[in-house]
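mind looking at a prediction? Sequence and model below.
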Amino acid sequence: MTTNTIAYIMEGRRQRRRRWVVVTSILAVLAVVLCCAMLMLGNTIYPVKDVLRALTGEKIKGVSFAVNTIRLPRMLAGLMAGFAFGIAGHTFQTMLRNPLANPNVIGITSGSGAAAVFCIIVLHTSDTVVSFASVIAGLATVILIYFLSRGRTFSIGRIILVGIGIQAMLDAFVSYLLLVGAQQDIPAALRWLSGSLNGTQMEELPSLVAAIVIFAPIVIMLGKHLSILELGEQSASSLGVSTDKTRVALIVSSVIMIALATAVTGPIAFVAFLSGPIAKRLVGAGFSGAVPAGLVGVILVLASDLIGQFAFETRFPVGIITGILGAPYLIYLLIRMNRKGDL
């Protein structure tokens, strides 16, 4: 390898790094702007100075209650859940080398959702129990999908097909619960199933925040290994990656974040599905897309919530808006994969 070739490779790497830094910084700025908008906008629009005074503990009539009790928990829930959905969706899509392999499509979110609805309608449990049940059900769903899709070799197609089947069964179970549940519990369950930030309280957020603080760094640190896993099982093993241990760490970390986010906001449609491809298109190849995907998830959730609140005469939950955005992309992706023979 000549000196010119090495210099060319290094220059290309520097350009890709600059692109990653610039794009990630822009995404972070957009996320901050949307966070500020969530705190300022509502039935009454408050100026930045009043919002800051309320956040620092100063008592301002009307402002303090609206900002600290209603808007701040809503914003934090959207921020944390969007990041969790985005980074987890990117992890599954990259690890399984298929854009359809995201937690929404392969049934993981449905597992967490079914457990949460069961707790809400049948057991009438506290939010803490709902969160715990969501995590356990999410992990149990992953284990079930893994065992049902086992074969002589690791097959991405089998995992996706089994996951879709599990999702269908869990969705049927949720429908049954809604049919037999008490009428007074149905509105809360339906609002939760649609994916909503409405009524979020600060007491619901500590477990989700803790999960992201603990498990998001694990996913980010394993980003290099995740990129190698994308090359395939044999290639990753030959490059010294412990594929089983890496996959288990990534799956457990992602499922816990997804499950706790689902317990707080409900299964917000298509955020995990869209975030990874959008981030990958923006930052390009060569560097981990975990952080950009998380930021794209934040932007999708917060922007969709603002659209749902203020763009129409009727206010819509965030999950309906993200569903409208994601459904056309899913159809396009299925058509493209069918033409390429990947389905």
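Great, that's in hand. Residues are numbered from 1 along each chain as shown.

output the longest helix belonging to the chain.
Of all segments of type helix in the chain, defined using DSSP state H, the longest is helix 3-40.

list the helices and strands that helix packs on?
helix 48-55, helix 72-95, helix 271-283, helix 290-310 (3 or more Cβ pairs under 8 Å, 6 or more residues apart in numbering; DSSP states H and E). For glycine as for every other residue, the C-beta is placed from the backbone atoms N, C-alpha and C.

number of nearby residues for residue 40?
Close neighbours of residue 40, defined as other Cβ atoms under 10 Å, add up to 16.

could you measure from it over to residue 163?
Distance of residue 40 to residue 163, given as Cβ to Cβ, to the nearest Å: 40 Å.

now residue 48
On the measure of Cβ to Cβ, residue 48 and residue 163 end up 45 Å apart.

between these two, who's got more neighbours?
Neighbours were counted for residue 48 and for residue 163 using other Cβ under 10 Å; residue 163 has more, 30 against 10.

can you give me the strands in the stretch 51-200 of the chain?
Here the stretch 51-200 of the chain has no strands by DSSP state E, counting those that start in this stretch.

can you pull out the low-pLDDT segments for it?
Applying pLDDT under 70 to the stretch 51-200 of the chain flags residues 151-155.

follow-up on the earlier one: out of the helices and strands packed on helix 3-40, which is closest to residue 327?
helix 271-283 (10.0 Å; Cβ to Cβ).

mind saving the C-alpha coords of the closest one as CSV?
Once non-C-alpha atoms are left out, helix 271-283 reads as follows in CSV (Å, rounded to 0.1, in the frame of the first residue of the first chain):
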residue,chain,number,x,y,z
VAL,A,271,-40.3,5.5,15.7
ALA,A,272,-37.9,2.5,16.1
PHE,A,273,-38.6,1.6,12.5
LEU,A,274,-37.8,5.0,11.0
SER,A,275,-35.0,6.3,13.2
GLY,A,276,-32.2,4.0,12.0
PRO,A,277,-32.6,4.3,8.3
ILE,A,278,-33.0,8.1,8.5
ALA,A,279,-29.9,8.4,10.7
LYS,A,280,-27.9,6.1,8.4
ARG,A,281,-28.9,8.2,5.4
LEU,A,282,-27.8,11.4,7.1
VAL,A,283,-24.5,10.3,8.7
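
can you tell me which residues contact the spatially most central residue of the chain?
Among the residues of the chain, the one closest to the centroid is residue 85, at 0.6 Å (Cα atoms, centre = their mean). By Cβ atoms under 8 Å, 6 or more residues apart in numbering, the contact list for residue 85 reads 103, 258, 261, 268, 271-272, 275, 297, 301.

what about 7 Å?
Contacts here follow Cβ atoms under 7 Å, 6 or more residues apart in numbering; on that basis residue 85 touches 258, 261, 268, 271-272, 275, 297.

okay, now residue 217: neighbour count?
12.

host element of it?
Secondary structure assignment for residue 217, by DSSP states H and E: helix 206-221.

distance between the ends of stretch 100-108?
Stretch 100-108 has an end-to-end distance of 13 Å (Cα to Cα, to the nearest Å).

for residue 251, what are its contacts?
So residue 251 contacts residue 142 (Cβ under 7 Å, 6+ apart).

how about stretch 45-58 as CSV, C-alpha atoms only?
In CSV, the C-alpha atoms belonging to stretch 45-58 read as follows (Å, rounded to 0.1, in the frame of the first residue of the first chain):
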residue,chain,number,x,y,z
ILE,A,45,-47.6,30.4,25.1
TYR,A,46,-45.1,31.4,27.7
PRO,A,47,-41.9,33.4,26.9
VAL,A,48,-38.5,31.8,27.4
LYS,A,49,-37.7,33.9,30.5
ASP,A,50,-40.9,32.8,32.3
VAL,A,51,-40.2,29.1,31.5
LEU,A,52,-36.6,29.4,32.9
ARG,A,53,-37.9,31.1,36.0
ALA,A,54,-40.4,28.4,36.6
LEU,A,55,-37.8,25.7,36.0
THR,A,56,-35.5,27.2,38.5
GLY,A,57,-38.2,27.0,41.2
GLU,A,58,-39.6,30.5,41.1
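
would you mind pulling the contact partners of that stretch?
Residues outside stretch 45-58 that contact it (Cβ under 7 Å, 6+ apart): 39-40, 60, 63-64, 67-68.
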